[in-house]
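Asks: Need coordinates for the below:
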Amino acid sequence: MNVYVIIGHQRQGSFCHAIAQTAVEQLKTAGHEVVYHDLYAEDFDPVLRHEEIDGEVTDPVVKRHIAEVLAADGYVVVHPNWWGQPPAMLRGWQDRVLRQGSVYRFTEEGVIGMLKGKSAVVFTTSNTPREVEQAAFGDPLENLWKTCVFGFCGVEDFYRRNFESIIMSTPEERKQWLTEVRATIKERF
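Replies: A predicted model of the protein is given here:
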């Protein structure tokens with residue numbers, strides 16, 4: 001398989017980076033091709049400009065990302081939970097890359113997702129304990145990725161795991177979580 005892996009976390013050495021590196025290692029160990037993008041390290045421009053909304057994509061970086069997304073058999077997304085959303089960098093990537101006419105289109109019959117038959121895994125992290133977050137907010141990231149992003153684009157094989165509370169976790173817990181990441185990647189791809 002060809003798997004597109006993307007991380008949206010600005011600090012090298014973060015637990016999100018450890019998750020992404022573990023996923024990439026497991027994918028490569030299993031013989032998969034991996035396309036890896038660290039949006040912050042690559043200084044991806046997340047700003048969707050007016051002329052780009054309905055016009056042809058001219059930015060070569062965005063064109064490359066779109067081509068890689070379409071060529072991929074599966075996706076791994078890693079990011080922290082910031083205010084119930086991905087960081088702005090990753091949101092900008094969604095706006096510029098997962099665009100109408102590229103990964104979905106509107107027809108008289110409705111929306112046609114162009115990523116049908118593909119798989120997606122999303123790993124997120126947060127500092128809020130799960131029970132507190134569920135009681136206060138529910139799980140907006142599950143709905144965003146499963147329904148609004150990947151579901152809209154045609155992906156039905158979806159899995160998400162949130163690791164929390166990062167700030168209160170121990171080195172042993174993080175080690176166990178990375179073992180879980182390896183197992184999840186092995187199972188899903």
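Asks: For the residue nearest to Lys146 when sequence neighbours are not counted, list each beta-bridge partner.
Replies: Of all residues not flanking Lys146 in the chain, Phe158 sits nearest, at 5.0 Å (Cβ to Cβ, 6 or more residues apart in numbering). C-beta coordinates here come from the backbone N, C-alpha and C atoms, glycine included. Per DSSP bridges, residues listed as beta-bridge partners of Phe158: Ala120.
Asks: Name the residues of stretch 22-38 that come out as buried.
Replies: Using 16 or more other Cβ atoms under 10 Å as the test for burial, stretch 22-38 gives Thr22, Ala23, Val24, Gln26, Leu27, His32, Val34, Val35, Tyr36, His37, Asp38.
Asks: For it, measure first residue to last.
Replies: 14 Å (Cα to Cα, to the nearest Å).
Asks: Work out the gap between it and the centre of the chain.
Replies: 14 Å (Cα atoms, centre = their mean, to the nearest Å).
Asks: for it, what is the average pLDDT?
Replies: Averaging pLDDT along stretch 22-38 gives 98.
Asks: ok, residues contacting it?
Replies: Stretch 22-38 is contacted from outside by 1-7, 17, 20, 44, 65, 68, 72, 76, 78, 121, 123, 178, 181-182, 185-186, 189, using Cβ atoms under 8 Å, 6 or more residues apart in numbering.
Asks: how does it look with 6 Å?
Replies: 1-7, 68, 76, 178, 181-182, 185-186 (Cβ atoms under 6 Å, 6 or more residues apart in numbering).
Asks: least trustworthy helix or strand in this structure by mean pLDDT?
Replies: Lowest on mean pLDDT, DSSP states H and E among the helices and strands of the chain sits helix 130-137, with a mean of 76.
Asks: Thanks a lot, catch you later.
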